[in-house]
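Q: A structural model of the following input is requested.
(chains A and B)
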Protein chains: 2
Amino acid sequence: MSSKTDSAKTSVYKPRPISGFLEWLPEVRLVELRWMDDIRAAFESYGFCSIETPSVEEIEVLAAKGGDADKEIYGLRRLAAEPGEEEGGRLALHYDLTVPMARYVAQHFGDLVFPFKRYQMQRCWRGERPQEGRLREFYQCDIDVIDMDEVSLHFDAEIPEMTLDVLSRLGVGPVCLHINNRKILQGFYQGLGIEDIVGAIRIADKLDKIGHDGVIEGLTGELGLAQSVAKKCVELASIQTLDASFADEVRAFGIENEQLEAGLEELTFVMLELAHLPEGSVMADMSIARGFDYYTGTVYEGKLVDYPDFPTVCAGGRYDNLVGSYSRQKLPGVGISIGFSRIFSKLVKEGRIEIGAKCPTDVMVACLPGSSRTDLAVTSRKLRERGFKVEMYHEAKSLKAQMKYASRKGIPYVWFPANAEQPNHEIKDMITGEQAVADIETWKP
Amino acid sequence: MSSKTDSAKTSVYKPRPISGFLEWLPEVRLVELRWMDDIRAAFESYGFCSIETPSVEEIEVLAAKGGDADKEIYGLRRLAAEPGEEEGGRLALHYDLTVPMARYVAQHFGDLVFPFKRYQMQRCWRGERPQEGRLREFYQCDIDVIDMDEVSLHFDAEIPEMTLDVLSRLGVGPVCLHINNRKILQGFYQGLGIEDIVGAIRIADKLDKIGHDGVIEGLTGELGLAQSVAKKCVELASIQTLDASFADEVRAFGIENEQLEAGLEELTFVMLELAHLPEGSVMADMSIARGFDYYTGTVYEGKLVDYPDFPTVCAGGRYDNLVGSYSRQKLPGVGISIGFSRIFSKLVKEGRIEIGAKCPTDVMVACLPGSSRTDLAVTSRKLRERGFKVEMYHEAKSLKAQMKYASRKGIPYVWFPANAEQPNHEIKDMITGEQAVADIETWKP
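A: Predicted coordinates:
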């Protein structure tokens, strides 16, 4: 028996980080928590309610949205599954929060009040092959508004306003939210006589990756469009304005199409509603298409201005029938998804996150030889009741050891409790090094 | 094409709840969030820092702890994995927060300050067969203190004090934390000449399930102990005191054993340290053994007094070498795990959770015909800047429709902004029905 234990002790398993899964030290985690609090506070300040869905959905639900997403799904398997057992095999981790939200709304339809405005901050998983900078587990922070039959255009403006509010509270530096409307693209392409509109949008969406010439080549080569038509598509995609003047530029093409006009009016409304925001925070950008089929109107893509090569940090749009896959009721919506982990880990990497203490403690109560454990415990409880975060030092080690502990953890104040030898409480400011008598009932940092 | 779309629309996938995975409506989720905030505030008020680990560990890490746990592990598999691809197959969802914490401490050893006091609130997963009341996804809230070589006994008392503080802040009703010390059991059994001490502890641990006679039968039958010895084991397990008087009762057996004495002294220290708590919140209980091999001293089990048949709601203890599996450094610890989802879902089921509004909104700004969207937006922003949670109603529907929306969501106040026709702001209290002029700079609920 004992030899077995010994050999088990010797074979130490050395843990290592798992590629694509983030893990922070306590001092970074403290900042991450503050970010999450700030985001939640911002979302709630607009009256959005929190929902949380299970980490898993049935594979059938995840697959119902189609697209390439199923390639990235992590399915579950019970390690102890018996042969032929289906259980567990039906379940998979969600890869975004949009599909779970759509399923949630369909499932709880009768219990929700519409327009249903929800926020959701959860981890998502994508079973990608490990690759530099690719996260396989990440937090997303989503806001969506779902309504019955029709969603007010008001929300197409409120959603980006909230997003910019959130990002400015976090201090991530300047953000530009690029906004477009799929109806503009669809109507414009239709007006040009293009038949495969979805195909054309997919190619035009690659503008920032393959450039103007690449898009023209794709449109003429793959889709067989005339050079002059392809050129107009690229010219449309070049229109970017910080106000509502984009509409005149588009109308100057002289293309008449009902859908195009509807899109121009919607985007004009949104840009005017957002006119009060600092200049440069929103841009009407005709190059934004969003790959997903389900967007039908406004589309958004946000970028960190300081890191132009860094991918989109938030994205979303309006959809008419996303929830419809799970419900006969027509439940359109509009929403945006903020790539929390993508932004946070980027700013950590760039050294843009101010790292402070390793713990939330305000005050450490020192354990001096003259004090009884009761002195310490009563003092700690008293300070805690007054709302301070208080560590009671755990044993009567040397003062030097205790101060070193407080200093290494970044604790700002050390409290020396009154006792038989020392009738007054004293407090030491760990930054200035000053020590002074303190009243436990009234002391403030 | 269009017929394909139509048929896709017709085959609606009807979502259903997945057994063992909880999901709450917004009004319940609001309470759950408040609980989580309260728990976090309590943990931080003792200076514990937050950590969060990935949802997955390598299967090798999870299995290193041994026991039955591996039977319940959910492994991951990439749905798009290519034949023979190992990736994903090495990863599994964690089934508790103790193993990930031990791995975290070993991995980040050089970057942590000891004693390392951490809290962790995350979901865990157990791939159990679906069964009434069994959760397959659940939140646990863990606190642990890890130190190098030795952990101060101070923490054996602080951990249960924090736990009771947390549970009382949540208002879950009376809780009794049963405390024992494994050294008492081991020393007592050793003193009685029992050889298979681990086996005897495992049988004695079933006392509340199989009763006194069952335990005696197990000890005499399975282990071949004499009836008189088995009887003493059961008599020991019957000792329960609300103060430190248990020690005299145990010493009355006249068994002399060094380990027994050490256990009695440790448990006496803990009970005396907790003597200031309301009577009945802690109990020295010699029947508590905790099944896990890794506990070596103090052990805890908490019960809801109002629901004596309901399983343990928090549990933990002291371990000497848990982290040791991943590190050559000796890193003992003591901690407790609070079964958040178990407690919360029980109290929801019992109707003990007070459910209120369906959203966090304080004030809804109504959209009356006389007001411009700018009036509304400016009013909403102003109130938001003053710290209120504000929904701007999204369109000029009938007043009745707007009031119905506010009422169904449980929004306490509706604001009527000043406009050309109505020079004063007015506010309506949705509970009393009173409406009065309000100053936007000074109004308070």
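Q: Which pLDDT value belongs to the residue in the stretch 201-350 of chain A positioned nearest to chain B?
A: Closest to chain B within the stretch 201-350 of chain A is A:Tyr326: 5.1 Å, counting by C-beta to the nearest C-beta. Every C-beta, even on glycine, is put in place using the N, C-alpha and C of the backbone. pLDDT for A:Tyr326: 71.
Q: Name the nearest residue to it, ignoring sequence neighbours.
A: Excluding the flanking residues, the one nearest A:Tyr326 by C-beta to C-beta, 6 or more residues apart in numbering or on different chains is A:Ala106, at 3.5 Å.
Q: Can you tell me the element the one you found falls in?
A: helix A:98-107 (DSSP states H and E).
Q: Give me the distance between A:Lys183 and A:Gln190.
A: Distance, A:Lys183 to A:Gln190, using C-beta to C-beta, to the nearest Å: 10 Å.
Q: Equivalent analysis for A:Glu27, please.
A: Taking C-beta to C-beta, one finds A:Glu27 at 55 Å from A:Gln190.
Q: Tally up the residues packed near A:Ser371, please.
A: Using other C-beta atoms under 10 Å in any protein chain shown, A:Ser371 is surrounded by 21 other residues.
Q: tell me the contacts of it?
A: A:Pro417, A:Asn419 (C-beta atoms under 8 Å, 6 or more residues apart in numbering or on different chains).
Q: tell me the SS of it?
A: Each residue gets one of three states, and A:Ser371 gets coil by DSSP: H, G, I helix; E, B strand; the rest coil.
Q: how near is it to A:Gly433?
A: Per C-beta to C-beta, A:Ser371 is found 22 Å from A:Gly433.
Q: Give me the pLDDT value at the residue nearest to A:Tyr326.
A: So A:Ala106 comes in at 91 (pLDDT).
Q: wait, isn't it in contact with A:Ser327?
A: Yes: here A:Ala106 reaches A:Ser327: they are 3.8 Å apart, a contact under C-beta atoms under 8 Å.
Q: now the helices: where do they sit in the stretch 201-350 of chain A?
A: A:207-221, A:227-237, A:246-251, A:258-273, A:340-349 (DSSP state H, counting those that start in this stretch).
Q: and the helix or strand just after the helix holding A:Ala106, which strands flank it?
A: Sequence order places strand A:116-125 as the next helix or strand after helix A:98-107, per DSSP H and E. The pairing partners recorded for strand A:116-125 under DSSP bridges are strand A:49-50 (parallel), strand A:137-146 (antiparallel).
Q: What mean pLDDT does strand A:116-125 get?
A: Here the average pLDDT along strand A:116-125 is 98.
Q: what do you get for stretch A:78-88?
A: Per-residue pLDDT over stretch A:78-88 has a mean of 69.
Q: Equivalent analysis for stretch A:151-163, please.
A: For stretch A:151-163, the per-residue pLDDT averages 97.
Q: Can you name the residues in contact with it?
A: So stretch A:151-163 is in contact with A:42-43, A:46, A:48, A:115, A:143, A:145, A:177, A:179, A:266, A:269-270, A:273-274, A:277, A:282, A:297-298, A:300, A:302, A:314, A:316, A:318, A:332-336, A:338, B:373, B:392, B:394-395, going by C-beta under 8 Å, 6+ apart.
Q: Is there a quick ChimeraX command that grabs whichever of those are buried?
A: Command for ChimeraX that selects the buried part of those, burial taken from 16 or more other C-beta atoms under 10 Å in any protein chain shown:
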select /A:42,43,46,48,115,143,145,177,179,266,269,270,273,274,282,297,298,300,302,314,316,318,332,333,334,335,336,338 /B:373,392,394
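Q: Run through chain A and note the low-pLDDT ranges.
A: A:1-13, A:64-71, A:83-88, A:130-133, A:292, A:323-325 (pLDDT under 70).
Q: Domain-wise, how is it divided?
A: Taking automatic domain parsing as the criterion, chain A consists of the domains A:26-166, A:363-438.
Q: For A:Ile194, which of those domains is the nearest?
A: A:Ile194 lies closest to domain A:26-166 among the domains of chain A, at 22.3 Å (C-beta to C-beta).
Q: Quote the end-to-end distance of the closest one.
A: For domain A:26-166, the first-to-last residue distance is 23 Å (C-alpha to C-alpha, to the nearest Å).
Q: Same question for stretch A:383-392.
A: 11 Å.
Q: Also stretch A:98-118?
A: In stretch A:98-118, first residue to last residue: 11 Å (C-alpha to C-alpha).
Q: and it, which residues are buried?
A: A:98-109, A:112-118.
Q: tell me the most buried of the strands paired with strand A:116-125?
A: strand A:137-146 (a mean of 24; mean count of other C-beta atoms under 10 Å in any protein chain shown).
Q: Give me the angle between the helix or strand just after it and helix A:258-273.
A: Downstream of strand A:137-146, the next assigned helix or strand under DSSP H and E is helix A:154-170. Between helix A:154-170 and helix A:258-273, the angle comes out at 40 degrees (axes from the mean of the first three to the mean of the last three C-alpha atoms, to 10 degrees).
Q: Wait, A:Phe388 touches A:Val365, no?
A: No: using C-beta under 8 Å, A:Phe388 is not in contact with A:Val365, being 10.2 Å away.
Q: So for these two, which residue has more residues nearby?
A: Comparing A:Phe388 with A:Val365 by other C-beta under 10 Å, the one with more neighbours is A:Val365, at 28 against 19.
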